[in-house]
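Novice: okay, structure incoming, though there's no sequence with it:
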């Protein structure tokens, strides 16, 4: 992409951006039309604002789901809510000004589950250390976004494994959703389906049993909405399930039991001042930064963030006809930089990795073509800060359907794997099942890369494996030997 340097004047400070000249002139007389080049992209202000609202509707569930997931690590739910909204707005604004693209960003699904359930609860690290890994990952991503190293790494990893990572995360977060809803529970066979008969017998149906039933209904409601192509189906599914829960509590069918983790689903208010971000602000811990585990955790964040972002950008840009003749996305460097800086800001504020959301495709389908779409969504994230009582009261049985349905969307990538090519398919399969069955995204990445290298060498196709893949394979093998 040809790099054009421009000067943006603000209080006599010069800022150089790597993008087309879309900023206003010194007198500030340029209109929004000229700023975002709306006519050039075949759109207008009304269309862009509608697209931004649509994108926000389809991904606003993250404001309820992210605090629910990350709070399992011991973090303050209110602070997470505020951090998520602020980081989403900042990153989306950066996407608009650095790349002029209609993509919206927020805390990545799957990566937040990895943060809470694998790094903190599974590996035993503090959430402060996990935030540090996210911050370092973002810093490295900034460097990679400003150089050509990113392309080298991207080209080194086989396309099949990139797809498998997305699919594996989809299966992983689906399992998380089923667990959060108590549809899947611990048993003598490791896991089993929830027993309604047992909950009636032990007197927990009105606290636990009814929430499982509501979660199942929520999944069906969301699926029906998606089947009918209703805009904001995931968000509406959360709201519908929550409303059913409120009705059940009002008529006495659902009885809150805080000691068992079942709280009131009726909001204590609607509007309030944003929760303080102080409990998580700049709570970084660099004490373990040189440990092998830290490096593996950081790389897992980086790997998933990088390829998830690239895949989302290319996929959505293709639908919007934003790719050039060579299939490249103009402004991709600015887009990746927005993602990277957003991740660093998110870590400082107190949330997991910020990434470009595939739900941006919903706004693109509504005609969004420029950064004005991203600005509209970012502004709505800021507005949501004043409605935290609503979002924080949403129960896990209402957000579980969202996890399951997002998992479904991510699983769709499985059709792109060449299952007839066993040499490609087996490492992909190993990567996918390791994430879900070993309850760890990082293990899936490690096993996928190791198996890909070993199988290619064993089949006499060692030259197909890139040098970087060999390096990663050795590092991961040493990890299992030394740890």
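Specialist: That came through fine. A quick note: this is a predicted structure, and the numbers were derived from the prediction, not measured.
Novice: show me the helices in the stretch 351-483 of the chain, by range?
Specialist: Taking DSSP state H, counting those that start in this stretch as the criterion, the stretch 351-483 of the chain contains helices spanning 360-365, 371-384, 388-393, 396-411, 422-437, 441-458, 467-482.
Novice: what sits up against the second one?
Specialist: When contacts are defined by C-beta atoms under 8 Å, 6 or more residues apart in numbering, helix 371-384 is touched by residues 22, 32, 36, 38, 45, 48-49, 51-53, 55-56, 59-60, 63, 85-86, 88-93, 95-97, 99-104, 106, 363-364, 391. Glycine gets a C-beta too; all of them are placed from N, C-alpha and C.
Novice: where does this protein have low pLDDT?
Specialist: Confidence mapping of the chain against pLDDT under 70 gives the ranges 1-31, 148, 150-155, 307, 311, 314-315, 318-319, 325-328, 483.
Novice: centroid residue for this structure?
Specialist: The centroid of the chain falls nearest to residue 108 when counting by C-alpha atoms, centre = their mean (1.4 Å).
Novice: what's the closest of the helices of the stretch 351-483 of the chain to residue 218?
Specialist: Comparison of the helices of the stretch 351-483 of the chain against residue 218 by C-beta to C-beta identifies helix 396-411 as nearest, at 3.7 Å.
Novice: what number of residues lie near residue 192?
Specialist: Neighbouring residues of residue 192 were enumerated by other C-beta atoms under 10 Å; the total is 11.
Novice: and it, what are its phi and psi?
Specialist: In terms of degrees, to the nearest 10, the main-chain angles of residue 192 are phi -160, psi 170.
Novice: for residue 350, find the nearest of the helices of the stretch 351-483 of the chain.
Specialist: Within the helices of the stretch 351-483 of the chain, the stretch nearest residue 350 is helix 388-393; the backing value is 14.3 Å (C-beta to C-beta).
Novice: quick check: buried residues in the closest one?
Specialist: Buried residues in helix 388-393, defined by neighbour count with 16 or more other C-beta atoms under 10 Å: 388, 390-393.
Novice: quick check, nearest of those to residue 205?
Specialist: Of all the buried residues of helix 388-393, residue 205 sits closest to residue 393, with 22.2 Å by C-beta to C-beta.
Novice: for residue 323, see how far away that closest one is.
Specialist: Note on residue 393: its distance to residue 323, by C-beta to C-beta, to the nearest Å, is 42 Å.
Novice: tell me where the stretch 251-400 of the chain has strands.
Specialist: Along the stretch 251-400 of the chain, the segments classed as strands by DSSP state E, counting those that start in this stretch run 354-356.
Novice: and the angle for the longest helix along the chain with helix 441-458?
Specialist: With residue count as the measure and DSSP state H as the assignment, the chain has helix 292-319 as its longest helix. Orientation of helix 292-319 against helix 441-458 (axes from the mean of the first three to the mean of the last three C-alpha atoms, to 10 degrees) gives an angle of 80 degrees.
Novice: before we move on, the earlier item: mind putting the helices of the stretch 351-483 of the chain into CSV with distance to residue 220?
Specialist: Written out in CSV, the entries for these read as follows (distance: least, C-beta to C-beta, whole Å):
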stretch, distance to residue 220
helix 360-365, 21
helix 371-384, 27
helix 388-393, 23
helix 396-411, 8
helix 422-437, 23
helix 441-458, 28
helix 467-482, 40
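Novice: which one of those lies nearest to residue 133?
Specialist: Taking C-beta to C-beta as the criterion, helix 441-458 is the member of the helices of the stretch 351-483 of the chain that comes nearest to residue 133, at 10.8 Å.
Novice: who's in contact with residue 411?
Specialist: 167, 170-171, 174.
Novice: can you list those in a markdown table and add distance to residue 203?
Specialist: Written out in a markdown table, the entries for the contacts of residue 411 read as follows (distance: C-beta to C-beta, whole Å):
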| residue | distance to residue 203 |
| --- | --- |
| 167 | 40 |
| 170 | 36 |
| 171 | 34 |
| 174 | 30 |
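Novice: so which of the contacts of helix 371-384 are in strands?
Specialist: Secondary structure of the contacts of helix 371-384 is defined by DSSP state E; positions in strands are residue 106.
Novice: list only buried entries from the contacts of helix 371-384.
Specialist: Burial by neighbour count, judged by 16+ other C-beta under 10 Å, picks out 22, 36, 38, 48-49, 51-53, 55-56, 59-60, 63, 85-86, 88-93, 95-97, 99-104, 106, 363-364, 391 from the contacts of helix 371-384.
Novice: restricted to helices, list those residues.
Specialist: Counting by DSSP H, the members of these that fall within helices are 36, 48-49, 51-53, 55-56, 59, 63, 85-86, 88-93, 95-97, 99, 363-364, 391.
Novice: give me the buried positions along the helix or strand hosting residue 197.
Specialist: Of the helices and strands defined by DSSP states H and E, residue 197 is found in helix 196-201. The neighbour-count criterion (16+ other C-beta under 10 Å) identifies residue 199 as the buried residues of helix 196-201.
Novice: pull out the buried residues from the following helix or strand past that helix.
Specialist: Sequence order places helix 210-227 as the next helix or strand after helix 196-201, per DSSP H and E. Of the residues in helix 210-227, those buried by neighbour count under the rule 16+ other C-beta under 10 Å are 210-219, 221-223, 225-226.
Novice: ok now helix 210-227, how far from the chain's centre?
Specialist: Taking the mean C-alpha point of helix 210-227 and that of its whole chain, the gap between them comes to 22 Å (C-alpha atoms, centre = their mean, to the nearest Å).
Novice: got it, and stretch 383-400?
Specialist: Distance of stretch 383-400 from the chain centroid (C-alpha atoms, centre = their mean) equals 17 Å.
Novice: and residue 65, how many residues sit next to it?
Specialist: 30.
Novice: if you could redo that for residue 361, that was the one I meant.
Specialist: Other residues lying near residue 361 total 22 when counted by other C-beta under 10 Å.
Novice: that one against residue 313, yeah?
Specialist: No - counting by C-beta atoms under 8 Å, residue 361 does not reach residue 313; the two are 11.0 Å apart.
Novice: next one: residue 374 from residue 35, what distance?
Specialist: With the distance defined as C-beta to C-beta, residue 374 ends up 13 Å from residue 35.
Novice: who has more neighbours, those two?
Specialist: residue 374 (34 against 17).
Novice: ends of stretch 252-268, what's the gap?
Specialist: Distances were taken as C-alpha to C-alpha, to the nearest Å; on that basis the terminal residues of stretch 252-268 are 18 Å apart.
Novice: what residues does it touch?
Specialist: 204, 206-208, 210-211, 214, 242, 245-246, 248-250, 389-390, 393-395, 398.
Novice: show me where the stretch 101-250 of the chain has its strands.
Specialist: All strands of the stretch 101-250 of the chain, identified by DSSP E, counting those that start in this stretch, fall at 105-107, 184-187, 190-193.
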